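Colleague: can you look at this prediction? I've put the sequence above it.
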Amino acid sequence: MNDTSPSFEVLPGSPDSPVILHVPHSSRTIPEDVRGGITLDDAALERELDHITDSHTARIAAAAAARCPVAPWRFVNGLSRLVIDPERFPDEREEMLAVGMGAVYTRTTHRAPLRPADHDGQPLIERYFHPYAAAMTDAVGERLAAVGRAVIVDVHSYPTAPLPYELHGDGPRPPICLGHDAFHTPPELLAHAEKAFAGFGGTGVNSPFEGAYVPLRYYGKDPRVSALMIEIRRDVYMSEPGGPAGPGLDALAEAVARLVDAVGRG
């Protein structure tokens, strides 16, 4: 991947769909020049990617979209979150800076050094974070212009056992965690998700991860933009930490499709 290649894909859905399935953390791809700034050796980097990557979530989103009579739009990050994490605040507002995991990570999931202590992350933010954020902002704006509302559904996964980087890892770890935002997650959206995922052994809200991603232009300002984060505990559908997907993937795709259909109808 070079400087002229986009680091993400916007995959069109139905013109009438308000839904954007956002998949920010599914890739393991790191451009060669970015790899040069990471201090881990190759074996350690592969282990870190096993832990930090939301493996197979792009497959879940694609399979869900294929099942929907009114297809959602998909916005898929083509790079690892070890390049930049597009869902972090790019400044001091980001609480994960406390463990070296702001928009550009300097520490691993086990709090070991990932990049040199004096690493300047600003070039990566300029090169990857801002274009990604601008494109996601445009994608939401296009849904607002087309159908008058936008529904962002983030598709994530998380490990069965907490990792040392987690700031809130001592709470419940349900099979499905639903990330809720007080402004952007209306009760009916949460209710639709709880119904869609009822068959996986339980859902919880905002534990161990909380909130939902909304581009900053709309965040806390525009109620036409609603958002929900789906965090799937990895033992539901894959071998941990970074192994193959199992039969749970298809069931999850069906559940995501049910959610998309429900919220797409308004």
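Modeller: Received it, and whenever you're ready, just let me know what you need.
Colleague: can you pull the contacts of Ser27?
Modeller: Thr53, Ala58, Asn77, Gly78, Leu79, Ser80 (Cβ atoms under 8 Å, 6 or more residues apart in numbering). For the C-beta atoms, the positions are set from N, CA and C on the backbone; glycine is no exception.
Colleague: mind doing that once more with 7 Å?
Modeller: Asn77, Gly78, Leu79, Ser80 (Cβ atoms under 7 Å, 6 or more residues apart in numbering).
Colleague: from Pro174, how far out is it?
Modeller: The spacing between Ser27 and Pro174, counted by Cβ to Cβ, to the nearest Å, is 26 Å.
Colleague: so which of the contacts of Ser27 belong to strands?
Modeller: Asn77 (DSSP state E).
Colleague: let's see if you can find the most crowded of the contacts of Ser27.
Modeller: Highest neighbour count within these: Asn77, with 26 neighbours (other Cβ atoms under 10 Å).
Colleague: nearest residue to that one other than its sequence neighbours?
Modeller: In space, and not counting its chain neighbours, Asn77 is closest to Pro24: 4.7 Å by Cβ to Cβ, 6 or more residues apart in numbering.
Colleague: for stretch 14-30, buried residues please.
Modeller: 14, 17-28, 30 (16 or more other Cβ atoms under 10 Å).
Colleague: quick check: end-to-end length of it?
Modeller: Distance across stretch 14-30, first residue to last, is 31 Å (Cα to Cα, to the nearest Å).
Colleague: got it, and stretch 233-251?
Modeller: For stretch 233-251, the first-to-last residue distance is 14 Å (Cα to Cα).
Colleague: now that stretch: mean pLDDT?
Modeller: Across stretch 233-251, pLDDT averages out at 97.
Colleague: quick one: buried residues of that stretch?
Modeller: Those would be 233-238, 241-242, 245, 248-251, for stretch 233-251 by 16+ other Cβ under 10 Å.
Colleague: counting only helices, which of those make the cut?
Modeller: Residues of the buried residues of stretch 233-251 located in helices (DSSP state H): Gly248, Leu249, Asp250, Ala251.
Colleague: now for the first one: which residues touch it?
Modeller: Going by Cβ under 7 Å, 6+ apart, Gly248 touches Val236, Tyr237.
Colleague: ditto for the second one
Modeller: Leu249 makes contact with His56, Arg59, Ile60, Tyr237, according to Cβ under 7 Å, 6+ apart.
Colleague: so the first one touches Val236, yeah?
Modeller: When you say that, I think you mean His56. No - using Cβ atoms under 7 Å, His56 makes no contact with Val236, being 11.0 Å away.
Colleague: still on that earlier bit, quick check: the residue nearest to Asn77 vs Arg265, distance?
Modeller: For Pro24 relative to Arg265 (Cβ to Cβ), the value is 26 Å.
Colleague: measure the residue located most distally from the centre of the chain to Pro15 for me?
Modeller: No residue in the chain sits farther from the centre than Asp118, which is 27.8 Å out by Cα atoms, centre = their mean. Separation of Asp118 from Pro15 (Cβ to Cβ): 49 Å.
Colleague: tell me which stretches of this structure form strands.
Modeller: Using DSSP E, strands in the chain cover 8-11, 19-23, 73-77, 150-158, 176-179, 203-205, 225-233.
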